[in-house]
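Trainee: take a look and give me a structure for this.
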Amino acid sequence: MKKTKSRLGLIKRFLPYYKKYKWIMLADLFCAGLTTVCELVLPMIVRSITEAATENLAALTVDLILRCGLFYVVLRVIDTAANYYMTSVGHIMGTKIENDMRHDLFAHLQKLSFSYYDNTKVGTLMSRITNDLFDVTEFAHHCPEEFFIAGVKIVCAFIILCTMSPWLTLIIFSLIPFMILSLLYFRARMRDNFAASRKQIGELNSQIEDSLLGIRVVKSYAKEDVEQEKFDRGNRDFLTLKTQRYRIMAQFHSATRLFDGLMYILVVVAGGLFLLDGQISPADYVAYLMFVSTLLTSIRRIVEFSEQFQQGLSGIDRFAEIMDTEPEILDRPGAKALSDVRGEVEFSGVTFRYETEHANVLTKLNLKVQAGESIALVGPSGGGKTTLCSLIPRFYEVTEGAIRIDGTDIRDVTMQSLRSQIGVVAQDVYLFSGSVRENIAYGKSDATDEEIIAAAKLAGAHEFIFSLPEGYDTYVGERGVKLSGGQKQRISIARVFLKNPPILILDEATSALDNESERLVQESLEKLAKGRTTFTIAHRLTTIRNADRILVLTERGIEESGTHAELIEKGGIYKELYQLYAAM
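Mentor: This is a model prediction of the structure:
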């Protein structure tokens, strides 16, 4: 994975998300400018009143005081309206940007191939989609706003104070670089800690997900204490990081408070000496104290915002890390839609190896399957049966050679059109959290109730669905936990019936079922396979006796090919496997 490390690079990566909301952002900054003006005007009002009281008492009238008071009230009304806009609309803008980023991140994850998910924990991805982007709302809103306000205050305060006493102003502002250096030092330490904390919470989420999804295995082996220890270990690591974070924050804020005190005492002492020497007036002295208070408040807000700034940057960094991961499998430029598929599949000199491995899983494999032919793949584990079938829908990309459907290289057609022509029924059935109806309709999102029921009947699922508490509207639970293995498998078969693809892949679809469920599902699969080009992977060899052709696939490639009777008569690997299975 590529990872953007520089802060400037991360901010540049984030800036395009403001484009849709540029007018909101400009209005927010305008309101920020109004609130800043209101804060800067108050010391000037106090200075005017103090100046009148000390230099020309006759000029200090009730009318002057009331006019100053009314003027400030008007400014406060403006400040209140501006602050409301910043707090409401500004935060909503930040939430919308977070929403846009989450949309882009999820869309990008949909494009990544199986190999990415083979090497990445789902819990970590969940953390990045949710937790890592929470802080982006505050970052998106406050980052330009806080820096803009601080910039305006510091520049305006410097200019105004220079008109009163350039030397005192230079003395005061000489401390600011030291404050900034201190801020940068602690900010760097906090950034490293935030990044480590993000990574650790992702690992913790992944461990929790793994443990809870496997809760039946945990309880069946009475390993609750083992899982608790694993969780506690990750939780302790996270506690350590959080403890370090708060120590750094304590140092950060303590240093800031120290500089605050130094700034105040510097104004009091140096200003007092200048006042004693007649270089500034009492009114200027009071204004200086108020301006320094405003200035310190601004710097303090930047210091406090730096925590959000680091959290936001950390979230953007991890967002960019995934977005920079290039999909391994993409549509070629000019790829066309695959249509009117007969179902002829040809492997021509196909070699494949996984990215993380050096050895080939398949080497120079050649195979031609006629439209409507039923092919069964058998052989020892690791021979490449599942891999061969996964290459047809381009779940993985061939390393060498080509796969053609009806004479067309599958890399020359769009993946969406290719996969719409292929149905997959796997051993590990995945049902989405929702109703039975919704899970069957996943094969065809615009299916009518009649089509869904017809598909269920073909899959032999209608009767048991009808007997469920709410029929087709029954909630199946997370991953279909409320249904038996056979019931889930028949729903998945109904889903493929509804899709009605010309090419079918059955990957050990009955191996995890009991005998009765296997019989029912096998009947459904035979109906499903009729008239379709079918690839069946099976360890239960009795389920493939009627296949048009049986291929024995080993690490050396296709070693045997023929019907059940031909391979038994040949007396090779297949016969040994069949006899071994029959003896069980």
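Trainee: where does pLDDT dip in the stretch 1-150 of the chain?
Mentor: 1-5, 55-60 (pLDDT under 70).
Trainee: against which helices or strands is the host helix or strand of residue 51 packed?
Mentor: Element membership for residue 51, per DSSP states H and E: helix 22-55. Where contact means 3 or more Cβ pairs under 8 Å, 6 or more residues apart in numbering; DSSP states H and E, helix 22-55 is packed against helix 62-85, helix 91-111, helix 131-164, helix 282-323. Any C-beta I mention is one placed from the backbone N, CA and C, and that applies to glycine too.
Trainee: check which residues of stretch 208-223 are buried.
Mentor: With burial defined by 16 or more other Cβ atoms under 10 Å, the residues of stretch 208-223 counted as buried are 208, 209, 211, 218.
Trainee: ok so, going back, just the helices and strands packed on helix 22-55: most buried one?
Mentor: Highest mean neighbour count among those (mean count of other Cβ atoms under 10 Å): helix 282-323, with a mean of 20.
Trainee: please state the offset of that one from the chain centre?
Mentor: 28 Å (Cα atoms, centre = their mean, to the nearest Å).
Trainee: tabulate the helices and strands packed on helix 22-55 (TSV), appending distance to residue 227.
Mentor: Listed next are those as TSV, based on distance: least, Cβ to Cβ, whole Å:
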stretch	distance to residue 227
helix 62-85	49
helix 91-111	27
helix 131-164	22
helix 282-323	27
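Trainee: so which of these gets nearest residue 547?
Mentor: helix 91-111 (34.4 Å; Cβ to Cβ).
Trainee: quick check: angle from the closest one to helix 282-323?
Mentor: 20 degrees (axes from the mean of the first three to the mean of the last three Cα atoms, to 10 degrees).
Trainee: what about residue 350, which SS state?
Mentor: Classification of residue 350 by DSSP: H, G, I helix; E, B strand; the rest coil places it in strand.
Trainee: that one - nearest residue in space that isn't next to it in sequence?
Mentor: Spatially, and ignoring its direct neighbours in sequence, residue 350 is nearest to residue 401 (3.9 Å; Cβ to Cβ, 6 or more residues apart in numbering).
Trainee: the one you found against residue 363, yeah?
Mentor: No: between residue 401 and residue 363 there is no contact under Cβ atoms under 8 Å: 9.7 Å.
Trainee: any common contacting residues for the two?
Mentor: Residues within reach of residue 401 and of residue 363 at once, by Cβ atoms under 8 Å, 6 or more residues apart in numbering, are residue 351.
Trainee: can you give me the strands for the protein?
Mentor: 345-352, 362-369, 374-378, 400-405, 408-409, 422-426, 503-507, 533-537, 549-554, 557-562 (DSSP state E).
Trainee: if we can go back for a sec, which one, of the helices and strands packed on helix 22-55, ends up nearest to residue 118?
Mentor: Here helix 91-111 is closest among these (Cβ to Cβ), at 13.9 Å.
Trainee: got the CA coordinates for that closest one in CSV?
Mentor: Extracted in CSV, the C-alpha atoms of helix 91-111 (Å, rounded to 0.1, in the frame of the first residue of the first chain):
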residue,chain,number,x,y,z
HIS,A,91,-20.4,21.5,11.0
ILE,A,92,-23.0,20.1,8.6
MET,A,93,-20.6,20.9,5.8
GLY,A,94,-18.0,18.9,7.6
THR,A,95,-20.4,16.0,8.1
LYS,A,96,-21.2,16.0,4.3
ILE,A,97,-17.5,15.9,3.5
GLU,A,98,-17.1,13.0,5.9
ASN,A,99,-20.1,11.3,4.1
ASP,A,100,-18.5,11.9,0.7
MET,A,101,-15.2,10.4,1.8
ARG,A,102,-16.9,7.4,3.3
HIS,A,103,-18.8,6.9,0.0
ASP,A,104,-15.6,7.1,-2.0
LEU,A,105,-13.8,4.7,0.4
PHE,A,106,-16.6,2.1,0.2
ALA,A,107,-16.8,2.4,-3.5
HIS,A,108,-13.1,1.9,-3.9
LEU,A,109,-13.2,-1.1,-1.6
GLN,A,110,-15.8,-2.6,-3.9
LYS,A,111,-13.3,-2.4,-6.8
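Trainee: mind listing what the residue nearest to residue 350 touches?
Mentor: Contacts of residue 401 by Cβ under 8 Å, 6+ apart are 347, 348, 349, 350, 351, 364, 365.
Trainee: can you put the strands of the chain in a markdown table and add distance to residue 196 and mean pLDDT?
Mentor: Shown next, in a markdown table, are the strands of the chain (distance: least, Cβ to Cβ, whole Å; pLDDT from 0 to 100):
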| stretch | distance to residue 196 | mean pLDDT |
| --- | --- | --- |
| strand 345-352 | 38 | 92 |
| strand 362-369 | 41 | 90 |
| strand 374-378 | 46 | 89 |
| strand 400-405 | 42 | 92 |
| strand 408-409 | 46 | 91 |
| strand 422-426 | 38 | 85 |
| strand 503-507 | 40 | 87 |
| strand 533-537 | 43 | 89 |
| strand 549-554 | 46 | 88 |
| strand 557-562 | 47 | 88 |
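Trainee: what is the nearest of the buried residues of stretch 208-223 to residue 491?
Mentor: residue 209 (24.0 Å).
Trainee: got the contact list for that closest one?
Mentor: 122, 123, 126.
Trainee: which residues does the closest residue to residue 523 other than its chain neighbours contact?
Mentor: Once flanking residues are discounted, residue 523 sits nearest to residue 460: 6.1 Å by Cβ to Cβ, 6+ apart. With contact taken as Cβ under 8 Å, 6+ apart, residue 460 is in contact with 490, 493, 520, 521, 523, 524.
Trainee: buried sites along stretch 339-353?
Mentor: 341, 343, 344, 345, 346, 347, 350, 352, 353.
Trainee: out of these, who's nearest residue 443?
Mentor: With Cβ to Cβ as the yardstick, the closest approach to residue 443 among these comes from residue 341, at 16.4 Å.
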